[in-house]
Every structure is written in structure tokens, then in C-alpha cells.
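Asker: Following is a predicted model, sequence given first.
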Amino acid sequence: MSHRNIELQVGISKITEVTKIQQQLQQQSMNDQADFEQAMKTQTEKKLTSPESPDSSAAVSDQETPSGSARKKQQNKRKKNQSQPPEPPHPYKGKRIDLRG
């Protein structure tokens, strides 16, 4: 046997191992997606079937703020301020603008 034939024999055995691993990963991702879809279906069914009394929810929201949209805007502003830290100064750009020719 030549040196090339031995390399092919090792390569073929590795291919079968790799295909098994790929099939397992593909099956796992399909199972995860199916589980997620099932969870979303049950969540939406719960939302649709759960009774909500508009009187009680309206009374609570009226006590907290005059409008729910104003509260959402405030929450969005807080999230933006917290999530974006101030940018550090540029390492070599200056603060002055040279207007001379």
C-alpha cells in the first residue's frame, strides 16, 4: 500500500463520524424549534383564554399615570440612557477646528 491509500482510509472513517455529528446537531436544532413553537402556541392560547376585566385594569392604570403611552415613553428613555454608555473621546482627533487656510 502506498502512503496515499492509508490517508484515504483514515479520511473515510472520519467522514462517517462527522456525518453522524452533523445529523445529531441538525436533529437537535429541529427539536428545539419544535419545542419553541409549542411553547408559543400554549402561551398564545393562555392569553386568548384568560379573562381580563377591563374595569380593574383601567382603574389600576388610571391610578398610576394619566396615560399608558406616557409611561412607555419614559421606560424607553430610561432603557436608552442605561443601555448606551457615553462614548470615550477619540484617541487622536482634537476638539479644535482649524479654520485658517
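Answerer: Cool, got the structure. Residues are numbered from 1 along each chain as shown.

Asker: count of neighbours near R71?
Answerer: Counted by other CB atoms under 10 Å, the residues lying close to R71 total 13. Where C-beta positions appear, they are placed from N, C-alpha and C, glycine not excepted.

Asker: Sticking with it, tell me its helix or strand.
Answerer: helix 68-83 (DSSP states H and E).

Asker: Quick check: mean pLDDT of that helix?
Answerer: Averaged over helix 68-83, pLDDT sits at 74.

Asker: what does stretch 92-101 give?
Answerer: 76.

Asker: which residues of the chain fall in helices?
Answerer: 3-49, 54-64, 68-83 (DSSP state H).

Asker: among those helices, where is the model least confident on average?
Answerer: helix 54-64 (a mean of 53).

Asker: got a list of what T42 touches?
Answerer: Contact analysis of T42 by CB atoms under 8 Å, 6 or more residues apart in numbering lists nothing.

Asker: And it, how far from D35?
Answerer: 11 Å (CB to CB, to the nearest Å).

Asker: Same check on P88?
Answerer: 43 Å.

Asker: what do you get for Q22?
Answerer: For Q22 relative to D35 (CB to CB), the value is 21 Å.

Asker: now Q74
Answerer: 36 Å.

Asker: And I21, by the same measure?
Answerer: Taking CB to CB, one finds I21 at 21 Å from D35.

Asker: Next: Q28.
Answerer: 11 Å.

Asker: One more: P91?
Answerer: From P91 to D35 the distance is 47 Å (CB to CB).

Asker: Neighbour count for the two, which is higher?
Answerer: More neighbours surround D35 than the other of P91 and D35, with 10 against 5 (other CB under 10 Å).
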